[in-house]
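Colleague: Let me see the structure of the following:
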Amino acid sequence: MLFRSAWRRGLIDCHTQPNVFMKWSGLVEGTGRRGGLAPRDASAYFEVTKAVWSAFGPDRLLFGSNWPVSLLFAPYDVVLGIARQTVAHEGPDAAPAGLPDPRAAPARRSPTSWRLPTR
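Modeller: As a prediction, the model looks like this:
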C-alpha cells in the first residue's frame with residue numbers, strides 16, 4: 001500500500017507539470033503472470049488505469065503495448081483489448097495517442113507533445 005500511495009503522489013506531481021506526458025503501457029507485465037496468464041478483463045487493471053487516466057487524460061497519454069515483452073504475459077490482441085475496454089466508456093475521441101482506432105481522425109492520434117498541426 002505504501003508503494004501505491006507514493007506512486008499516486010508521483011502521478012500528481014507529474015500531472016502539475018504541463019510539459020509532462022505519460023506512456024501508458026506495461027499493464028500485463030505488472031501482474032507478474034507469465035505464460036499468457038495475465039487477466040484479460042480491463043477491470044483487473046482499473047485501479048492503475050483510473051489513476052493514470054484521471055491525472056493525464058487522453059491528451060497527455062501515449063499508449064504503448066510494450067510489445068514484444070508483453071507477449072510473455074498476454075497476446076497483443078489481449079493487451080489492445082484491455083486498453084480499448086478501459087477507454088470505451090469515455091467515447092471514441094477519448095483514445096490516447098498510439099491506441100489504434102481506425103475511427104479516430106489522424107490529427108486526434110497525434111498528441112500535443114508532438115506539436116503537429118491539426119488538419
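Colleague: hey, let's count contacts and neighbours off CA atoms from now on
Modeller: OK.
Colleague: now stretch 5-22: how far from the chain's centre is it?
Modeller: Computed by C-alpha atoms, centre = their mean, to the nearest Å, the chain-centroid distance of stretch 5-22 equals 15 Å.
Colleague: can you list contacts of that stretch?
Modeller: For stretch 5-22, the surrounding residues in contact (C-alpha atoms under 8 Å, 6 or more residues apart in numbering) are 51-52, 55-56, 60-62, 113.
Colleague: 7 Å instead?
Modeller: The contact list for stretch 5-22 (C-alpha atoms under 7 Å, 6 or more residues apart in numbering) reads 55-56, 60-62.
Colleague: cool, stretch 28-38 as well?
Modeller: The contact list for stretch 28-38, computed with C-alpha under 7 Å, 6+ apart, reads 70, 72-75.
Colleague: got a pLDDT number for Met1?
Modeller: Looking at Met1, its pLDDT stands at 46.
Colleague: Where does the prediction get shaky in this structure?
Modeller: Along the chain, segments meeting pLDDT under 70 span 1-3, 89-119.
Colleague: mind listing the strands for it?
Modeller: 22-24, 61-63 (DSSP state E).
Colleague: So which of those is the most surrounded?
Modeller: strand 61-63 (a mean of 22; mean count of other C-alpha atoms under 10 Å).
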